[in-house]
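> got a sequence here, can you build the structure:
(one chain, ligands or ions: 1)
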Amino acid sequence: MTSAPAVERKGKSEAVASVEEIRAEFPALERVHAGAPVAYFDGPGGTQVPRRVADAMVDYLFHHNANTHWLYPTSEETDALILRARETLADFLNAAPEEIAFGQNMTTLTFHLARGLGRDWGPGDEIVVTELDHHANVAPWRALARERGVQVRTVRANAETGQIDWDDLERAVGPKTRLLAMGAASNALGTISDVARAANLVHAHGGLMFVDAVHYAPHALVDVKALGCDLLACSAYKFYGPHVGVLYGRADLLAQLDVPKLDPAPDTTPERLETGTQNHEGIVGAGAAVDFLASLAETPGLSRVLSNSVLAP
Ligand SMILES: Cc1ncc(COP(=O)(O)O)c(C=O)c1O
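Below you'll find the predicted structure:
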């Protein structure tokens, strides 16, 4: 349904697309400012979009645009395209399609998730956040202190090393901890944190592990199983997609989460987490962004993504 990729999959002898081929994918790089070609230095604020991602979104809007779950062709095509994007994002994160919910962005998804989780929590329960984290992985959890009387503990970061203070983390996590919220990579410093170690720690006390992978996903292949997390959020606009958020949650957890939702909306996982009408074209674009990444290199990690890609043989 989308136009043919400009960057073909490479054979084993030529495993990675060339810089020129990759640059040719991005119309934004054709921009000229004051007579000079531009370079974009706003990477932490998001990435530029390759032509094929925009093409997939335009194709959706021009030829398949409809609401979901009706018995007419464009609605059925919309359902199929959203499912396809869910499968692709599941592959990207090493999860199952029913574990992938879409939303406006990481911040909004995390507030929504926190509200659902917090309905069961109250005084005596604790949430652990860190100084190394983006405010989007702190404010939603702090809101539960005001709304539910939960206590929030903040783990220190070491200012000299830019690392989490692990001694402080080990002191903060205990039997009252319901959830540890931690970033896989810091957008401010670039520090990559050992999320798997943190997940082991909080699981040993019966708590949940939430990972903010917004800054991590553009730089490393996310594997929710290897990270050992229960919940994880990222944003497609940070990895060549449109402005859409993606939430992973363990299937059993999402199925029982007490999220605010409309009665007539589907109560099946993961749609029960997706409030109202979604950004269908953005979801299609998020899937196309993963396909774009998968098209660039034939690496062992990416073969997982390629196996579900439209580019797969
Ligand atoms: C590490 C990190 N977490 C969370 C966010 C918030 O993501 P979103 O814009 O999708 O709400 C950002 C945005 O820059 C970020 O860098």
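
> if you tally nearby residues, what's the number for the closest residue to residue 174 other than its chain neighbours?
Leaving aside its chain neighbours, residue 174 sits nearest to residue 205 (5.8 Å; criterion: Cβ to Cβ, 6 or more residues apart in numbering). (Each C-beta comes from the backbone N, C-alpha and C, glycine too.) Residues contacting residue 205 under the criterion other Cβ atoms under 10 Å number 14.

> against residue 70, how distant is residue 205?
Between residue 205 and residue 70 the computed distance is 46 Å (Cβ to Cβ, to the nearest Å).

> just residue 148 next, same as before
38 Å.

> looking at those two, which is more packed in?
residue 148 (18 against 12).

> thought residue 121 was touching that one, still the case?
Yes: in this structure residue 148 lies within contact range of residue 121 using Cβ atoms under 8 Å: 5.4 Å.

> what does stretch 192-207 contact?
128, 132, 163-164, 166, 169-170, 173-175, 177-180, 182-186, 208-209, 211, 216, 220, 226-230 (Cβ atoms under 8 Å, 6 or more residues apart in numbering).

> please give me every residue in contact with residue 248.
Applying Cβ under 8 Å, 6+ apart, the residues near residue 248 are 93, 95, 99-100, 224, 229, 231-233.

> how far away from the center of its chain is the host helix or strand of residue 79?
Secondary structure assigned from DSSP states H and E places residue 79 in helix 73-93. Computed by Cα atoms, centre = their mean, to the nearest Å, the chain-centroid distance of helix 73-93 equals 16 Å.

> partner strands of the very next helix or strand once past it, with direction?
With elements assigned by DSSP H and E, the helix or strand that comes after helix 73-93 is strand 100-103. Applying DSSP bridges to the sheet, strand 100-103 is found paired with strand 245-249 (antiparallel).

> mind checking how far the residue sitting nearest the centre point of the chain is from residue 292?
With distances taken as Cα atoms, centre = their mean, the residue of the chain nearest its centroid is residue 234 (2.2 Å). Using Cβ to Cβ, residue 234 is found at 16 Å from residue 292.

> hmm, back to that, what packs against the helix holding residue 79?
Contacts defined by 3 or more Cβ pairs under 8 Å, 6 or more residues apart in numbering; DSSP states H and E place helix 73-93 against helix 51-63, strand 100-103, strand 245-249, helix 280-296, helix 303-306.

> got the angle for it vs helix 280-296?
Going by axes from the mean of the first three to the mean of the last three Cα atoms, to 10 degrees, helix 73-93 is angled at 40 degrees with respect to helix 280-296.

> which residues sit against helix 73-93?
Applying Cβ under 8 Å, 6+ apart, the set of residues contacting helix 73-93 is 1, 60, 63-70, 96-97, 99-100, 102, 221-224, 232, 234, 246, 248, 270, 278, 280, 283-284, 286-287, 290-291, 293, 304-305, 307-309.

> please identify the buried residues of it?
Going by neighbour count (16 or more other Cβ atoms under 10 Å), the buried part of helix 73-93 is 75, 77-79, 81-82, 84-93.

> show me which of these is closest to the ligand.
The ligand has its nearest neighbour among the buried residues of helix 73-93 in residue 89, at 14.3 Å by Cβ to the nearest ligand atom.
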